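> Quick one, what's the 3D model for this:
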Amino acid sequence: MLEFLLWSVVIGGCGTAVLDLWNLLLNRTIGLPLPPWHLVGRWFAGLPSGRFVHSHGINDSKPVANELAIGWVMHYAVGILFAIILLAIWGLGWVQAPTFLPALIVGLVTVGAGWFILQPGMGVGIACSGAPNPNAARLNNIVGHVVFAIGMYLAAVVVG
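Sure, this is the predicted structure:
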């Protein structure tokens, strides 16, 4: 069990770090805004009190203490959770002989977590339907999760 958790942290953490580097690259090269981790932290901070949806948009919700730190921690925790799912389905043997398809499947399926849980909860609508440019946001979500999958796969190749 300890080995399973360790690999989940390594693979999920590396996949998330690769995604963060991708976002930084997009920001520096084409000016795409960085993800608003403080708002993600605000959303997660509201969950224990039963606040799942910020119907008027999370920007209008009152800031919470340490929301940026909460957002970053939860960003990596979710990445690790997705790696747990990957290893729960394909097993620890995948780490010793990784193939890209399982990581890609998990990466693409987990787009749904953002589209159907996080984004509606933050008041952006299902699959960014309330965003200024929903199709661009959706494409960015899909590409980002593919990059996350590449990061998980590369972590297993390099460290496994």
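> From now on I want contacts and neighbour counts done on CA atoms only, so please keep to that.
Fine.
> The chain: helices as residue ranges?
2-30, 37-46, 67-90, 93-96, 100-109, 111-113, 119-121, 134-159 (DSSP state H).
> Please identify the deepest-packed of these.
helix 119-121 (a mean of 23; mean count of other Cα atoms under 10 Å).
> Quick one: mean pLDDT for it?
What helix 119-121 shows for mean pLDDT is 96.
> Indicate which one of the helices of the chain is closest to Phe52.
Nearest of the helices of the chain to Phe52, taken as Cα to Cα: helix 119-121 at 5.6 Å.
> which other helices and strands contact the closest one?
Of the remaining helices and strands, none touches helix 119-121 by 3 or more Cα pairs under 8 Å, 6 or more residues apart in numbering; DSSP states H and E.
> a markdown table for the helices of the chain, including distance to Ile58?
Putting the helices of the chain into a markdown table (distance: least, Cα to Cα, whole Å) gives the following:
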| stretch | distance to Ile58 |
| --- | --- |
| helix 2-30 | 21 |
| helix 37-46 | 7 |
| helix 67-90 | 12 |
| helix 93-96 | 38 |
| helix 100-109 | 25 |
| helix 111-113 | 17 |
| helix 119-121 | 8 |
| helix 134-159 | 17 |
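> so which of these comes closest to His54?
helix 119-121 (5.8 Å).
> chain center to the closest one: distance?
Distance of helix 119-121 from its chain centroid, counting by Cα atoms, centre = their mean, to the nearest Å, is 14 Å.
> Show me the contact partners of that helix.
Helix 119-121 has contacts (Cα atoms under 8 Å, 6 or more residues apart in numbering) with 43, 52-55, 125-128.
> which one is Gly114 nearest to, not counting chain neighbours?
Excluding its sequence neighbours, the residue lying closest to Gly114 (Cα to Cα, 6 or more residues apart in numbering) is Ala127, at 7.4 Å.
> I'd like to know how many residues surround that neighbour.
Number of residues near Ala127 (other Cα atoms under 10 Å) recorded here: 22.
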